[in-house]
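Chemist: This is a predicted model, with the sequence first.
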Amino acid sequence: QVQLVESGGGLVQAGGSLRLSCAASGRTFNSGAMAWFRQAPGKEREFVAYVRRSGGSTYYADSVKGRFTISRDNAKNMVYLQMNNLKPEDTAVYYCTATAGLATTNPLRYDSWGQGTQVTVSS
């Protein structure tokens, strides 16, 4: 497994930006896909974005497409989520996750999870 630690969450007004970071250690970082999921109170955990092993291919949930950008730096063992034009409905705990397998939107396919970082967007 990979150990993951997220940072960068906080309180921001609607229309603002935040950059989440995820530091990874343990299993060879660049051996699989990385993703961000989020979970709002009373809701199921939902997929946000993933980036494939090489970093050259990404995929986003429709709700964040055009506003969020996922990236990874394999040399630094880091994954990032740049969030622009934030909306109140983006409020959630954001989780970084890793898999040794192929990229997927299914959270059950990811075997390593961070502790989460809270993002709150006020209207």
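Modeler: Yes, it's here.
Chemist: so Cys22 makes contact with Gln3?
Modeler: No. Cys22 is beyond contact range of Gln3, at 10.5 Å (criterion: Cβ atoms under 8 Å). Every residue, glycine included, has its C-beta placed from N, CA and C.
Chemist: the more surrounded of those two?
Modeler: Cys22 (27 against 12; other Cβ atoms under 10 Å).
Chemist: Identify the residue spatially nearest to that one, adjacent ones excluded.
Modeler: Cys96 (3.4 Å; Cβ to Cβ, 6 or more residues apart in numbering).
Chemist: And the nearest residue to Val93 once chain neighbours are set aside, how far from Cys96?
Modeler: In this structure, Val93 finds its nearest non-sequential neighbour in Gly116, 4.2 Å apart by Cβ to Cβ, 6+ apart. Counting by Cβ to Cβ, to the nearest Å, the gap from Gly116 to Cys96 is 8 Å.
Chemist: okay, and for the protein, where does confidence drop off?
Modeler: 28-30 (pLDDT under 70).
Chemist: thinking again about what came up before, pull up the overlap in contacts between Gly116 and Cys96.
Modeler: Here Gly116 and Cys96 have Glu6 as joint contacts, going by Cβ atoms under 8 Å, 6 or more residues apart in numbering.
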